[in-house]
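S.K.: Got a predicted structure plus its sequence, pasted below:
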Amino acid sequence: MSEEQATAASGGIDVLLHTERTFPPPPEFAARANASDPGIYERAAADPEAWWGSWAEKLDWIEPFDEILDWSNPPFARWFTGGRLNVSANCLDRHVAAGAGDRVAYFWEGEDGTRKEITYGWLLERTQRAANALRSLGIGKGDVVGIFMPMVPEAAVAMLACTRIGAIHNVVFGGFSAASVVERMEVSGAKALITADATLRRGKPTPMKAAIDAAIGGLDSLEHVIVVDRAGTDPPMTAGRDHRWEELIGAADPVCEPEPMDAEDPLYILYTSGSTAKPKGIQHTTAGYLTGITATHKLVFDLKDDDVYWCAADIGWVTGHSYIVYAPLANGATSVMYEGAPNYPAEDRWWEIAERYGVTILYTAPTAIRACMKWGDEHVDKHDLSKLRLLGSVGEPINPRAWLWYHERVGGGRCPIVDTWWQTETGAIMITPLPGLTTTKPGSATIPFPGIEAKILDDEGNEIAEGGGNLVLTRPWPAMARTLYKEPERFVETYWKRFGPETYQVGDAARVDEDGYFWIVGRTDDVINVSGHRLSTMEVESALVSHPNVAEAAVIGVADEDTGQAIFAFVTPAGGASGDGALEADLRDHVAAKIGKLARPKRMAFADDLPKTRSGKIMRRLLRDIAAGRELGDVSTLRDPEVVKDLKRQLSA
Ligand code: WTA
C-alpha cells in the first residue's frame, strides 16, 4: 500500500504529519518501573514460549498445564493445554483469600453523583450469588449469556458470574440499538440476557430494557431476561421470562464453587464489525487470554499496589473487557469506574473524578482527548492532577497535536504516554511503549510488546524493512482470538489466508520507520473507525437501503477532527422521495434504530446514480476524492462521468 492509499484509508487525518520531538522515559519513572531491563525484549524473542509461560505461572491454576503452546494446526492455536483454572477465581477468590477482601476494586461513580466503593469481597459475594442465580435458571457451561448493560458494578458482576460457571458472555455495547442486540443474541443463540432498566445519560434515564423489549420477544433461544434496577424506571416485565436481578440474587445461595475450566474453553464472544454487513463473533478462551492481559496490564501500565487506575472506556468494547474488568481484577488493582458522559454536568467532570480519587494512571481514547482539548484548558487546570504518573491512549491513531496536549496539559509534562495498538481480535495490547524503557514519538505506538512480532508486508507478501504496507503479526500470542463463533472458515478466510496460516493479517495499514517504530495509518478493509468504534461500511449501507426511500447507498469514512473518521453516505433516493433535509433526518434516525446512534452518517449527499465501473461496481475511491474535494484519480473505468460532475457540483454548492 502506498502512503497515498494509506492516507486515504485513514481518511487523510494528520497522522503522517509528525513532530520530530521524542520523549525518553523520565529517569525517576524508569528507576522504579516494573519493566526496567531492556534485555526482556531479547529474551522474549529468543524464547517466547518461556516468556509467556512465566506469566501464565503467576495465575492460580486448579490443574497445571502440560504444554505452553500447540501450534501444530495453524491458525488454530492452543495455549497451556492440559491446564484447568477459573477466571473469576483468579480475579476475586485469590485476592480475598490473601486478605484483600476489603481492598477497593472499583471506586464507582454514577453520573448523578452516586458514589460506591466496590470491594473485592463484595464482588466475590455478588458474583457467587449471580452465578447460582444463573444456574437456577438452567444456565451452565457453554451456554451463551447476553449482557446489555450500563457502566455499573453489576456489569462486571454479570461477566464474572458467567465465568464462574463457564457460561460464555456476549456483551453488547449499551449504545447499540434494539436491532443490534437482537442480531447478536440470535446469531449466538443466547439463552439469557442480563440488562438494566435504564442508564443515566446527561441527567436523564435512557431506557435499556424497555428499548429492547419488543424486539427480543421474537427470539426463540432466549429463555430469560434479568433486569438490574439502575434508575427505578420500572420497565415492563414479561411473567415467566423476566426476572429482577435483586430478587434473584437475594434468593440465591452465597457460595458457588468456581467451575474448573479447560485452558482452551471459551471465555467470551464479542461481536465486532468486519468487511461485511454481518458482525464477527470474536471468540476468546480462558488461560491464554488471562495471561496476555495480565502481563500487558502489569508492564504497559506499570501497575503498582498503590495505583488508582482508570480506564475510561466502556465495558461494551474489548478495552472494557480486558482493561476495566479482567486484567485489573486479576492483577488486584484499584480502579475507577464512571457511568456517564464526560461533560456532564460540566466539562470538567473527568478531571474532577481524577482529582477526587487521586487517579495515577489514565487510559482513554484520542477522540475523548480531542473533545477535552476543544472544551478548553481551564477545565483541566482547575483540578489537582498531580497524582497522575502515566497516561494511555487506544482505539485509533492519536494525532501528535492531541498527544502533545495530553502530555503537557493533563500529564503536566511529567507522565509518559503509552499509545497502545491492539484489537478485539488480539485480546491484549500488541504494539506499545513500555513506559520505563521506550522513548516515545508522538503519533507512533512504537514497538511490539515483548514476545510479539509485527511486520509490514507489501501486497505480494514481501517484508518491508522501512516504509508503509500491510501490518501483520507473525507469531502466535496467548490472547489471540481462537476463532469466530461458529464460523471457523470465516476466521481463516478473514485473517489467515492472504499471507498464509501462520501470518495474522491485521487489516490495518502501517508504516515502520528507521528505528523500527510502527505508525498505524488506518484500516485497509471497509471498516470506518468513528471515535475508536469500528463500523463496517456494508453494515451502514445495508441499514440505509432497508429504508423504503433508498434505492442505493454507498458509505465512506472521511477525516474528522473530532471523531478521527466520520461517516459520509451517498444515497440514491427511491419511491419518489427527493433527497432533501427531511429525508436526511429520516435516514439518520433509521440508521440509529438499525445499528445505534454512533453509526449515523455525519454527512450525506443525494444523487440519481452513483459513480460505477462499467461492470456496475461502486467506485468508493472516487467518492473519497469527491468528499475530500480532491482531484479525481483514475476515471478511465467510470461508466457515466456525468454522475461525478453532478455530485461535485452538489458538494461545492
Ligand atoms: C484501531 C480496540 C492506531 C486499529 C482496542 C485497530 C488503533 C482497531 C490503535 C481495533 C492505536 C486501535 N493506534 N490505531 N493505538 N488502537 N486502533 O477492535 O485500526 O475496537 O485495527 O479494538 O482500532 O479496534 P477494536
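M.R.: Looks like it arrived, so ask away.
S.K.: which bits of the chain sit near the ligand?
M.R.: Selection of the chain residues close to the ligand by CB under 6 Å from any ligand atom yields 272, 317-319, 394-397, 419-424, 445, 507-508, 520, 523, 529, 534. (Each C-beta comes from the backbone N, C-alpha and C, glycine too.)
S.K.: which residues touch the closest residue to the ligand within the stretch 301-450 of the chain?
M.R.: Shortest the stretch 301-450 of the chain-to-the ligand distance, computed as CB to the nearest ligand atom: residue-wise this is residue 424, at 3.4 Å. The contact partners of residue 424, taken as CB atoms under 8 Å, 6 or more residues apart in numbering, are 270, 272, 282, 317, 318, 481, 534.
S.K.: which residues of the stretch 151-300 of the chain score low on pLDDT?
M.R.: Low-confidence segments of the stretch 151-300 of the chain, defined by pLDDT under 70, are absent.
S.K.: which residues of it fall in strands?
M.R.: 168-171, 192-196, 198-201, 204-207, 224-228, 242-244, 261-262, 266-272, 280-285 (DSSP state E, counting those that start in this stretch).
S.K.: Any idea which of those gets closest to residue 33?
M.R.: Between residue 33 and those, the shortest gap by CB to CB is with strand 280-285, which sits at 28.4 Å.
S.K.: List the neighbouring strands of the closest one plus their orientation.
M.R.: Listed by DSSP bridges, the sheet partners of strand 280-285 and their directions read strand 266-272 (antiparallel), strand 483-484 (antiparallel).
S.K.: and the shortest one, how far from the chain's centre?
M.R.: Spelled out, that is strand 483-484. 17 Å (CA atoms, centre = their mean, to the nearest Å).
S.K.: What is the neighbour count of residue 545?
M.R.: The local packing count at residue 545 equals 15, with neighbours defined by other CB atoms under 10 Å.
S.K.: Could you verify my assumption that it touches residue 552?
M.R.: Yes: between residue 545 and residue 552 there is a contact under CB atoms under 8 Å: 6.7 Å.
S.K.: so where's the protein uncertain?
M.R.: Judged by pLDDT under 70, the chain has its weakly predicted residues at 1-18.
S.K.: repeat that with 50
M.R.: Within the chain, the stretches falling below the threshold (pLDDT under 50) are 1-16.
S.K.: Next secondary structure after the helix or strand hosting residue 68?
M.R.: In this structure, residue 68 is located in strand 67-70 according to DSSP states H and E. With elements assigned by DSSP H and E, the helix or strand that comes after strand 67-70 is strand 78-81.
S.K.: got the contact list for that following strand?
M.R.: Here strand 78-81 makes contact (CB under 8 Å, 6+ apart) with 52, 56, 65-71, 263-264, 285, 287-288, 291, 476, 478.
S.K.: can you do 10 Å?
M.R.: Residues lying outside strand 78-81 but in contact with it, judged by CB atoms under 10 Å, 6 or more residues apart in numbering, are 49, 52-53, 56-57, 59, 61, 64-72, 262-264, 285-292, 476-480, 482.
S.K.: can you dump the C-alpha coordinates of it into CSV?
M.R.: Below are the C-alpha coordinates for strand 78-81, written out as CSV (Å, rounded to 0.1, in the frame of the first residue of the first chain):
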residue,chain,number,x,y,z
ARG,A,78,-3.9,-24.0,21.7
TRP,A,79,-2.2,-22.5,24.8
PHE,A,80,-1.4,-24.0,28.1
THR,A,81,-3.0,-27.3,27.2
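S.K.: Just list what the following helix or strand past it packs against, helices and strands only.
M.R.: Note on strand 78-81: by DSSP H and E, the next helix or strand toward the C-terminus is strand 84-85. Under the contact criterion of 3 or more CB pairs under 10 Å, 6 or more residues apart in numbering; DSSP states H and E, the helices and strands touching strand 84-85 comprise strand 61-63, strand 261-262, helix 287-300.
S.K.: for these, which one sits closest to residue 214?
M.R.: Ranking the helices and strands packed on strand 84-85 by their distance to residue 214 (criterion: CB to CB) puts helix 287-300 first, at 35.2 Å.
S.K.: Do a quick rundown of the strands in the stretch 301-450 of the chain.
M.R.: In the stretch 301-450 of the chain, strands defined by DSSP E, counting those that start in this stretch lie at 308-311, 334-338, 361-364, 390-393, 417-419, listed in chain order.
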